[in-house]
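[1] What shape does this take:
(one chain, ligands or ions: 1)
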Amino acid sequence: MKTFDELFAELSDRQRSRPEGSGTVAALDAGVHAQGKKVLEEAGEVWIAAEHESDERLAEEISQLLYRLQVLMLGRGLGLDDVYRHL
Ligand SMILES: N=c1c2ncn([C@@H]3O[C@H](COP(=O)(O)OP(=O)(O)OP(=O)(O)O)[C@@H](O)[C@H]3O)c2ncn1[C@@H]1O[C@H](COP(=O)(O)O)[C@@H](O)[C@H]1O
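    Here you go, the predicted structure:
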């Protein structure tokens, strides 16, 4: 189990160190257009899960959306504080 901040630190490290076989490195290399499409896709899956699926499935879809948002943030060079200052 990890927090939002801990996942962001882990993905930032993946971006820096570019380990072999990392899906995150591949997603970052795919560019902002592809990253944005993934955000939209996961957001749709969250919506469907919220209306039709179990709490567990919804939580899983939300975790994937959070991951995709973080990949997009890294793709655009945003840090956590850039977002948190708007909360
Ligand atoms: N939290 C996640 C995470 N959530 C979602 N995903 C990716 O999103 C996919 C699920 O999304 P989809 O519904 O689009 O499934 P899919 O269509 O089969 O996936 P793709 O073919 O599009 O990759 C998963 O198979 C993962 O590839 C994640 N990939 C990685 N993480 C975490 O990120 C960290 C770094 O991971 P790596 O970069 O893979 O080392 C680790 O802590 C991982 O647990």
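[2] dump the residue contacts of the residue of the chain found nearest the ligand.
    Ranking the residues of the chain by distance to the ligand (C-beta to the nearest ligand atom) places residue 24 first, at 3.0 Å. Where you see a C-beta, it was placed from the backbone N, CA and C, and this is true even at glycine. Shown in contact with residue 24 (C-beta atoms under 8 Å, 6 or more residues apart in numbering): 11, 14-15, 71.
[3] leaving aside the residues next to it on the chain, what's closest to residue 10?
    residue 2 (7.3 Å; C-beta to C-beta, 6 or more residues apart in numbering).
[4] Excluding chain neighbours, what is closest to residue 14?
    residue 24 (4.4 Å).
[5] tell me which element the one you found falls in.
    helix 23-29 (DSSP states H and E).
[6] buried residues in the following helix or strand past that helix?
    Next helix or strand after helix 23-29 toward the C-terminus (DSSP H and E): helix 32-52. For helix 32-52, the neighbour count (16 or more other C-beta atoms under 10 Å) marks 35, 38, 42-43, 45-46, 49 as buried.
[7] Tell me the one of the residues you listed nearest residue 85?
    residue 35 (21.7 Å; C-beta to C-beta).
[8] And the pLDDT at the closest one?
    We have a pLDDT of 98 for residue 35.
[9] where's it relative to residue 65, distance?
    12 Å (C-beta to C-beta, to the nearest Å).
[10] still on that earlier bit, would you quantify the distance from the residue nearest to residue 14 to residue 44?
    Relative to residue 44, and taking C-beta to C-beta, residue 24 is found at 21 Å.
[11] next one: residue 6
    Relative to residue 44, and taking C-beta to C-beta, residue 6 is found at 26 Å.
[12] OK, contacts around the residue of the chain most remote from its centre?
    No residue in the chain sits farther from the centre than residue 52, which is 22.7 Å out by C-alpha atoms, centre = their mean. If you count contacts by C-beta under 8 Å, 6+ apart, residue 52 has none.
[13] could you redo the last one with a cut-off of 10 Å?
    Neighbouring residues of residue 52 by C-beta atoms under 10 Å, 6 or more residues apart in numbering: residue 58.
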